[in-house]
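Engineer: I need the structure of the sequence given here:
(chains A, B, C, D and E)
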Amino acid sequence: MALNQFMFYLLAAVIMVCSVLTITSRRILRAAFYLLCVLIATAGIYFMLDYQFIAGVQLILYAGGIVVLIIFSVLLTSHISQKFAKPGLARVIPGVLAAVAGFVLSAMTVLSFPFQPSGQPAIGNDMRTIGLQLLSVEKNGYALPFEVISVLLLASMVGAIVVAKKEKSKEKP
Amino acid sequence: MIEGIPMQHLLIVSLFMFFAGVCGFIIRKNMITILMSVELILNAVNINLLVFNKYLFPEQLQGHFFALFVMGIAAAEAAVAIALIINIYRRLNSINVEEVTEMKY
Amino acid sequence: MRNELILAILALVILAAEIFTTAGNKHKIITWSAVLFAAATVAGFLPHPEGELFGGSYRTDQMTVVMKNILNLGVLIVFLQSFDWLQRKENHDKISEYFLLVITTLMGMDFMISSGDFLMMYIGLELATIPIAALAAFERFSSKSAEAGIKLILTSALSSGVLLFGLSFIYGTTGSIYYADIAPQVAVNPLQTLGFIFFTAGMAFKISLVPFHLWTADVYEGAPVNVTSYLSVISKGAASFTFLIILYKVFGELLAVWQPLLYTLALATMTIGNLFAMRQDNFKRFLAFSSIAQAGFILLGILQAGNLGSTSVVYFVLIYVFTNLAVFGVVSAVSHATGKENISDYKSFYLTNPRLSLTMLMGLFSLAGIPPVAGFFGKFFLFTSAASAGYYILVFIAVLNATISLYYYLKPVRAMFIDKTDTPIATFRTSLPTRISLVMCLAGIFLVGFMSIIYEFIHAASFGL
Amino acid sequence: MNILNLFVIIPVVTMAAILFTKDLRGARLVSAVGMGLQLIAAVVLIFSFFALRKAGDSAEFLFYSDVTWFESLNIHYAIGVDSIAVWMIGLASVVVFAGIFASWQMEYLSREFFISLILLATGVFGFFISLDLFTMFLFYEVAVIPMYLLIGIWGSGPKEYSAMKLTLMLMGGSALLIVGLLGLYFGSAQAGEVTFNLLELSRINFPVTMQRFFFPFLFVGFGILGALFPLHTWSPDGHASAPTAVSMLHAGVLMKLGGYGCFRVAMFLLPEAANEMAWIFLILTTISVVYGAFGAIWQKDLKYINAYSSVSHCGLVLFALLMMNQTAMDGAIIQMISHGLMTALFFALIGMIYSRTHTRNINEMGGLMKVMPFLAVAYMIAGFASLGLPGLSGFVAEMTVFIGSFQHQDLFHRVITIIATLSIVITAVYILRVVGKILLGELQNPEHQKLGDALWFEKLSLVLLILPIVAMGTLPLFLSNTILDALKPIVERLTAMI
Amino acid sequence: MSFQYTILILLIPLACFLINGLVGMKFKPLLSGILGTAGLGIIWLLSLFTAYTYFFQVGQVNGEFQKIVVINAEWLRFTDKLHIDMGILLDPISVMMLVVITTVSFMVHLYSIGYMHGERGFQRFYAFLALFTFSMLGLVVATNIFQMYVFWELVGVSSFLLIGFYYDRPSAVAASKKAFIVTRFADLGFLIGILVLSYFTGTFDFIALTGSDQSIFASGAAASFMGLSALTWAALLIFMGGAGKSAMFPLHIWLPDAMEGPTPVSALIHAATMVVAGVFLVARMFPVFFFQAPAALELVAYVGGFTSLFAAIIACTQFDIKRVLAFSTLSQIGYMMLALGVSGYGGHEGLGYMAALFHLFTHAMFKALLFLGAGSVIHAVHSNVMQEMGGLRKYLPVTHLTFLIACLTIAGVPFLSGFFSKDEILVAAWQSNKFLFAVEFLVAGITAFYMFRLYFNIFWGKEKTYAHPPHESPLTMTIPLVLLALGSIFAGYLPFSELISSDYKPFETTLHLSVAIPSVLIGLAGIGLAMLFYRRESTLPDRIAASLGSFYKVVLNKFYIDELYLFVTRKIIFNYISRPIAWFDRHIVDGTMNGIGWVTETSSQKIKGLQSGRISQYGFVFAIAAVGLALVFIYFIN
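Structural biologist: Numbers count the residues shown, from 1 in each chain, chains lettered A, B, ... in the order given. Next up, the predicted model:
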């Protein structure tokens, strides 16, 4: 077994195990940690796919940003030592059922599908190409989404601020 | 493209992750863990997009960019969601979804 | 693109205004924003070039322009109706945020409508969703409002995850995210069907089709009235139209899948929506289920997959904007004046506030599809388009559902006109902007139906499969 | 301008004018003037129509005009009348005008009352002048919906329940109608462009399979309004709870929309299916006729008696229509007019009696002839018209129906005709029972001694209705012959298929 | 000679009705009485003039009376062939009826001025009388069967109105209702008969129906239904209508009760005119019955015979004088029906036909006289019951005398009119059916008995104590009595067979002594028996009644036919048909509608758990729905 194969299956195993742990762990901080593992392992896969840029973004944005945000909010809202009660069967059964059914169905469909590679030569995914495409206004250029997502981020920020603003006055209307 | 690894294996991983997320969304009570489940879901999607891009359509970077933007949006979503969770926490002193059922039927 | 640019500029202006106004002058922002937005709305009616930009990521044609104008008009009315609410003391420090969020989400919808690829569509969709969650949680002192916000953001996150998951398969099987490139690649095969159905689930969430509708009622009830009206009218209209465009322009080859799919969804949506609406007493929740049922009717138009279908859907949305906003306008006026939001509070309302009651009456009749108000035309043409595709049984069930819906639309009517109470809502005066908005709605309710020129105009811009 | 437009314009203007009135006096005055004009217009219409006919204008529909409305859907505002429609308009005008006077003292929310009432009338008039099925349907719905408010606000008894039931059942009927109408509309594509135009549709021979599918939708859809058994139950409750003028208008005119639609749309356009399926509906209508009459015997509430009687009489309308011969259909239409007038008269009288005695229970009244002779005599005239006394309109109608129906070749049709004739005896039983109980005999309730007779506006209202009943009963020839002429193309189309 | 003026015979009473009905209340009562009477006087004279001109001047052409259609205007068109015309047909029987009706009606109008004096609703009374007269005249001059039906119904309603004249008396209201409904039921038969007849013959016209062209009946004779030809059915049904109006068994029950109306009304409607409409109808349709439906004609005979016996027996036991007269009327009409039933066609064969109409004519005179006389008695003593009367001959001389004449006439005492007409009937019966003859022979005796029972009870016997002494009626009442008495005496001398016959050709009749003598004897026997029983106060009748026991009771209660009807209407129709239907309508039909609403409401209630407010559940539904739909659409559809 080649190294990269080994690496991949290792990462895959980490991803799958940690995903399950994320959703089953009864301590929330551990769940966050498992999520972090999943995200990092995913970044690993991106590296293996030769998508360094996106792997980097994954590490920075997800692992560095979102997970931190989550941990931060966990600290704000929960006691670290708090251990959740085991979820009751009334929740687990439907959840597992939906997930298993969905997984089986999608897996069957995906595995039986004859994917057709385009066979075209690959475009380079170096920073230059990415940068050019990101600013291009032609087809396969992403200037517009880039602009719009900035609006989205602005709006989200405003929204988050509005929601989280400290109440100035306590009196009820 | 990872040498020696068929695309389907990658897809199975992402599918698994996706449905683990779905499952987590359903079985967890804590809003933050639900949010984590959502992150799992989005992450699985990203894997899909990138895998397809790499294995099938390497001539363009459409999946790649799509995944990039999804990440950005996921971050924004998480930010707003966390703000809302804190908002709820302030009001109810709890972030258990079972307790935000004032409105029903 | 002009519309989006104007909106962006407007958003910036408001942002700047927020920074440069003093606390005492904040309320002026309300008026100015509304006036500026009115100007933007008017500008929308100027001739507009058609075509593509950004290599096909952004496209506009007559229909999208029409649709955007409809949305602008609706948002303008919503703004007018929000005056009273925004002028309250506890909202003073969030006025510009409100406008900013609404305008950016509207921009998101515009991009969604004009999108030429799935990436733009997705970003537009999220732009039109995430800030709304913040808007839903706008009410500071209401735990319901907070609940609405969290429910919206979490469920919409799940739904957009599923939608993306679907899209990833569409990408995987067709090799592109551009509509124009995907369309020829689409074929009926398991994976594409899977992807398509997951995509539809996500869209159905936005349009609140049964069984993807569950968030709707809770969010509508909890959110501030004006946000609810925005959500139920503008957001739903934009999503429906987008869905229609994508079905027609991208998934035309999957007709054999999505016609029966929409058939099923339409049946479920109308029936479940009606069954739930029957039991509601809270007006907003009532209207939530009513709007779910209405979404079911919209599917009847989409189903037709031809010019008739797209025309009747857009026409219906136009009418729906006026109609639903008329009802919401009254609900919001009453809610702001008295804090009462239940149907049972409206007893003897006609005796104390005849004009508002009549407006509400017209709105409800229009929702129920009773002539001579416009709702009748809207619904009739939807039925016509479903029938033109041969779905007579569906039409029959739909009309039966419309009959059931009449049952509950008449409940508020009964409360207002028939039921007697000793403690009716006292007579109150509505503010000028509210009145203007209601007059606009009433004019729309009456004119859009009879003035066939509007229908013909939309028809001229329509497109089919 | 086409005179027919007046029938929509006048009510709309009247409604607008009522908005500017202050109180009951103003509202009723404006309504009376408006509907008076309407009545005059109807008379003018009748005269000019027959003047044109006499001058040799033999087009199927006169005063035809056609304005494109929704161009891309080929929906038009097409109007025109044949003599049947003309008579129906005449009927409606009389009943509406009488209805205004019957509600002369409507104190509570009077402006709203008159507006709703006239809105109802608008729907009725619009329906009769329409030749485009879309506008026809639109007016139909316009006519149905003010009922809810009228019954709900100004009604009595379990008014909310009745109003809701009536509205829902009638809207359920229109659910069927929509399907049928759309079926016709798209079915017409085989002859070129899709159309709602009645005249164009009538030139198309639809495939039989299609006719079989859509005929029940259309017939039952209209039939519900025409109180087709077993979908008639909105009628007793609705009529019982409605205020006087509304009962008058509803039983008198609105129910006629059902019968009119049945033959003008369902049977005329889908003749083969009509022929094939007539037997089913004939059985149902025969049941209606007898069942309604028997049902009326047991009732104690005057309005219920009359409502069941309407079920019986309207059943006879549909019954005769389904016989598909010129005479029977002629009878059906005369019966519509006759029933419209007399049932309006009944309801007007019941309202007037109720406003005095405050009861509608026949066991609580008696001997009213002594205290209110005018009302009593009018009631007896209505009763006699209802039981088919010669010299009043009911006789002409019923005889034409029975003679016509009995001319049918099939034994089945003749046998059910005989069953249907039973109703005239049963009708006599319940009418006389009521008359005997409430008008004749000794004065039951000493309180009633003080009650007064009809006031001037009540008399006016009653006389307005009695006059045409008597006129139709004594000189029916012109009416009947003009209707026979108008039926000719319809019957030809219906029988050509056999 | 043109008969155009005969239209006035119809129009004048109509005008009287309209004037008295619409504006009569504004008049002084007497004025409207005089107006009505004057109108009737005019048409009486016109009728007599018409009769004279028709019978003796222009009616007969070539030894056959003509059917003259004076006017015939289309009134309502059904099809090209079937249309109702309104017109006037003059032929022997209609002209004869005109005379009968106008005569009796005029007398009654005149009489009522006195009789109804001071009654509330005097003008209304005259209006109704005029309406009745108009309708009855319209009936007899009808040119077609449907016109007849139209007026037939109008006659019924005017009868209803007049019986219920005292509308504040519950018994009068009940009686009027009963009369109307029973006759209405019979009319239903008439109507169906018309439907059947017109369906097969394609015409309503009497001239066509009774003409010589029999081809129009071909299809009807060929068609059969339940073993009888369609035309027999038609005839039977038409006879049903006639039987209802003429109160033949078993549709007779309304007539005794109809005596609740004012006595002049009884005289006019329920003795002389309306009740013989059935006889007139059968006579009018006689050729159809005779040629096309002999079976029906036979039934007519038997029904007539039975009714005459049945009613005569009941009459013997009644105490209300008007009821006695009512049953007597039934009995006499039974005679007429029987005569028609046994009649043949043409010449002497048609003796029964002639006899029936002859008896109709004389009966009108003497029965009207009897009723008016009874009215005069009632007017005097304010009671209907014969036990409260007695010895009145001293107080009411004119009434007494005229009443005696009438009684003698009806008893068939020779040389009074009743003798002649009854004799013809008995002869006709003898010639055709011995059994029926025997019945009629017996009835003749019973008739004499009960009439004289009545006579003696009123005018002889022990004098009762009266609240205020009885006195003779005013002139307006006695003049009609005298005139009718004259009519009763002399009407029999008309050469009837030369005027009226089944084939419109005059023929000769002679007195058949072999029949006449026994019948006179049995009549005298009846009178003698009555004299024995009732001349003086005696216990004999009571003893006989007691010895008859339950039979007497059954007869006294009119064979319980009323009770049977009550049972059928109240119990069966009301309780077992109408009530279940009303229940069915409320609970099953309406219940289904409400049930649909209930199901909707309930399902709405039941599924509310779907919207639990829990995000996890929302997520689950979302996911499972997406997966489920995908599953279905991937693997099951396409």
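Engineer: Quick one: residues contacting E:F290.
Structural biologist: E:F290 is in contact with E:L297, E:S343, E:G344, E:Y345, E:S502, counting by Cβ atoms under 8 Å, 6 or more residues apart in numbering or on different chains. C-betas here are computed from N, CA, C, even on glycine.
Engineer: Excluding sequence neighbours, find me the nearest residue to the second one.
Structural biologist: The reference is to E:S343. Leaving aside its chain neighbours, E:S343 sits nearest to E:G352 (2.9 Å; criterion: Cβ to Cβ, 6 or more residues apart in numbering or on different chains).
Engineer: repeat for C:L7
Structural biologist: Looking at C:L7 with Cβ to Cβ, 6+ apart, the closest residue is C:M107, at 4.6 Å.
Engineer: One more: E:S612?
Structural biologist: B:K104 (5.5 Å).
Engineer: and the one you found, how many neighbours does it have?
Structural biologist: By other Cβ atoms under 10 Å in any protein chain shown, 16 other residues sit near B:K104.
Engineer: residues touching it, list them.
Structural biologist: So, once contact is read as Cβ under 8 Å, 6+ apart, B:K104 ends up touching C:D218, E:Q611, E:S612, E:G613, E:R614.
Engineer: Please report the number of neighbouring residues for the fourth one.
Structural biologist: The reference is to E:G613. Per other Cβ under 10 Å, the neighbour tally for E:G613 reads 19.
Engineer: From the contact counts, what lies against the helix or strand encompassing D:A382?
Structural biologist: According to DSSP states H and E, D:A382 maps onto helix D:373-386. Applying 3 or more Cβ pairs under 8 Å, 6 or more residues apart in numbering or on different chains; DSSP states H and E, one finds that helix D:373-386 contacts helix D:326-357, helix D:368-371, helix D:393-406, helix D:411-434, helix D:456-474.
Engineer: hmm, 10 Å instead?
Structural biologist: Under the contact criterion of 3 or more Cβ pairs under 10 Å, 6 or more residues apart in numbering or on different chains; DSSP states H and E, helix D:373-386 touches helix D:302-323, helix D:326-357, helix D:368-371, helix D:393-406, helix D:411-434, helix D:456-474, helix E:145-163.
Engineer: That helix relative to helix D:456-474, how many degrees between them?
Structural biologist: Here helix D:373-386 runs at an angle of 30 degrees relative to helix D:456-474 (axes from the mean of the first three to the mean of the last three Cα atoms, to 10 degrees).
Engineer: How about residue 117, nearest residue that isn't a chain neighbour?
Structural biologist: I went with chain A, as the question did not name one. B:L56 (4.8 Å).
Engineer: you looked at the wrong chain, it should be chain D
Structural biologist: D:L117 sits nearest to D:A245 (Cβ to Cβ, 6+ apart), 5.9 Å away.
Engineer: what's the burial count for the one you found?
Structural biologist: 30.
Engineer: wait, it sits on D:W104?
Structural biologist: Yes. At 9.4 Å, D:A245 counts as touching D:W104 under the criterion of Cβ atoms under 10 Å.
Engineer: Quick check: longest helix in chain A by residues?
Structural biologist: Ranked by number of residues, the top helix in chain A under DSSP state H is helix A:89-112.
Engineer: for that helix, which positions count as buried?
Structural biologist: Within helix A:89-112, the residues that count as buried by 16 or more other Cβ atoms under 10 Å in any protein chain shown are A:91, A:94-95, A:97-99, A:101-103, A:105-107, A:109-110.
Engineer: Same question for stretch C:103-113.
Structural biologist: Using 16+ other Cβ under 10 Å as the test for burial, stretch C:103-113 gives C:I103, C:T104, C:T105, C:L106, C:M107, C:G108, C:M109, C:D110, C:F111, C:M112, C:I113.
Engineer: Send me that stretch as CSV with only the CA atoms.
Structural biologist: Only the C-alpha atoms of stretch C:103-113 are listed here, as CSV (Å, rounded to 0.1, in the frame of the first residue of the first chain):
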residue,chain,number,x,y,z
ILE,C,103,-32.0,46.1,1.7
THR,C,104,-29.1,43.7,1.7
THR,C,105,-31.4,40.8,1.8
LEU,C,106,-33.4,42.2,-1.0
MET,C,107,-30.1,42.5,-2.9
GLY,C,108,-29.5,38.9,-2.2
MET,C,109,-32.9,38.1,-3.7
ASP,C,110,-32.2,40.1,-6.7
PHE,C,111,-28.9,38.3,-7.3
MET,C,112,-30.7,35.0,-6.7
ILE,C,113,-33.3,35.9,-9.4
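Engineer: if you look at stretch C:160-171, does any of it touch chain A?
Structural biologist: Yes. Counting by Cβ under 10 Å from any Cβ of the partner chain, chain A is contacted by stretch C:160-171 at C:V162, C:F165, C:F169.
Engineer: right, and out of the residues you listed, which lies closest to chain D?
Structural biologist: C:V162 (35.1 Å; Cβ to the nearest Cβ).
Engineer: about what we covered before: neighbour-wise, give me the winner out of the contacts of E:F290.
Structural biologist: E:S343 leads the contacts of E:F290 on contacts (other Cβ under 10 Å) with 29 neighbours.
Engineer: Mind pulling up the pLDDT for that residue?
Structural biologist: The per-residue pLDDT reported for E:S343 equals 82.
Engineer: quick check, nearest of the contacts of E:F290 to chain B?
Structural biologist: Of all the contacts of E:F290, chain B sits closest to E:L297, with 80.1 Å by Cβ to the nearest Cβ.
Engineer: That closest one is in contact with E:L340, isn't it?
Structural biologist: Yes. E:L297 lies in contact with E:L340 (Cβ under 10 Å); the separation is 7.5 Å.
Engineer: Pull up the overlap in contacts between those two.
Structural biologist: E:F239, E:V282, E:F286, E:F289, E:F290, E:G352 (Cβ atoms under 10 Å, 6 or more residues apart in numbering or on different chains).
Engineer: what would those residues look like in a markdown table with pLDDT and secondary structure?
Structural biologist: Shown next, in a markdown table, are the shared contacts of E:L297 and E:L340 (pLDDT from 0 to 100; DSSP: H, G, I helix; E, B strand; the rest coil):
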| residue | pLDDT | secondary structure |
| --- | --- | --- |
| E:F239 | 88 | helix |
| E:V282 | 88 | helix |
| E:F286 | 87 | helix |
| E:F289 | 85 | helix |
| E:F290 | 85 | helix |
| E:G352 | 84 | helix |
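Engineer: what's the span of stretch C:412-419 from first residue to last?
Structural biologist: 10 Å (Cα to Cα, to the nearest Å).
Engineer: touching chain E at all, it?
Structural biologist: No. If you take Cβ under 10 Å from any Cβ as the test, stretch C:412-419 misses chain E, and the best it gets is 15.0 Å.
Engineer: picking up where we left off before, quick check, the residue nearest to E:S343 in contact with E:A301.
Structural biologist: Yes. Contact between E:G352 and E:A301 holds when scored by Cβ under 10 Å: they sit 8.6 Å apart.
Engineer: neighbour-wise, which of those two wins?
Structural biologist: E:G352 (28 against 22).
Engineer: what's the spacing between that one and E:I425?
Structural biologist: 7 Å (Cβ to Cβ, to the nearest Å).
Engineer: got any residues that touch both of these two?
Structural biologist: The contact sets of E:G352 and E:I425 overlap at E:M336, E:L338, E:A339, E:L340, E:V342, E:S343 (Cβ under 10 Å, 6+ apart).
Engineer: Quick one: which of those is the most crowded by neighbours?
Structural biologist: Most neighbours among the shared contacts of E:G352 and E:I425, by other Cβ under 10 Å: E:A339, with 36 neighbours.
Engineer: picking up where we left off before, could you tell me which of the contacts of B:K104 belong to strands?
Structural biologist: Among the contacts of B:K104, DSSP state E puts none in strands.
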